[in-house]
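1. build the 3D model from these lines:
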Amino acid sequence: MPIIVKLDVMLAERKVKSKDLASAVGITEANLSLLKSGKVKGVRFATLEAICDYLNCQPGDILRFENDK
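-> Reported below is the predicted structural model:
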């Protein structure tokens, strides 16, 4: 998949636990884990906004497009 999720990197840089982020954003730890692993087909803008707000980052800090062409 050409979209790479770097959420785990951002969590490490901010020294935030997945459990704390999931609670603050209002999603389950299981769903956050799926998002971190890139196994989701989509993410709501409201969820992305809440994650970025909590981590004080931009969407581009946690999502990256890599084209293998």
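2. neighbours of residue 16, just the number please.
-> A count of nearby residues for residue 16, using other C-beta atoms under 10 Å, gives 14. The C-beta positions use only the backbone N, C-alpha and C, and glycine is treated the same way.
3. for residue 55, that is, sorry about that
-> A count of nearby residues for residue 55, using other C-beta under 10 Å, gives 19.
4. same deal with the one 4 residues further on?
-> The tally of other residues near residue 59 (other C-beta under 10 Å) stands at 12.
5. equivalent analysis for residue 7, please.
-> Every residue meeting other C-beta under 10 Å relative to residue 7 is counted, giving 21.
6. from residue 68, how far off is the closest residue to residue 26 other than its chain neighbours?
-> Of all residues not flanking residue 26 in the chain, residue 50 sits nearest, at 6.9 Å (C-beta to C-beta, 6 or more residues apart in numbering). Relative to residue 68, residue 50 is positioned 31 Å away (C-beta to C-beta, to the nearest Å).
7. so for those two, which sits in the more crowded spot?
-> Taking neighbours as other C-beta under 10 Å, residue 50 and residue 68 compare with residue 50 leading, 16 against 4.
8. show me what whichever strand or helix holds the more buried one is packed up against.
-> Using DSSP states H and E, residue 50 sits in helix 45-55. For helix 45-55, the packing partners by 3 or more C-beta pairs under 8 Å, 6 or more residues apart in numbering; DSSP states H and E come out as helix 7-14, helix 18-25, helix 59-62.
9. out of those, which gets nearest to residue 38?
-> The closest of the helices and strands packed on helix 45-55 to residue 38 is helix 7-14. By C-beta to C-beta, the value is 9.1 Å.
10. need the residues that contact that closest one.
-> With C-beta atoms under 8 Å, 6 or more residues apart in numbering as the test, helix 7-14 has contacts from 17, 18, 21, 32, 35, 36, 51, 55, 56, 57, 61, 62.
11. which of the residues you listed are buried?
-> Buried by 16 or more other C-beta atoms under 10 Å: 21, 32, 35, 36, 51, 55, 57, 61, 62, out of those.
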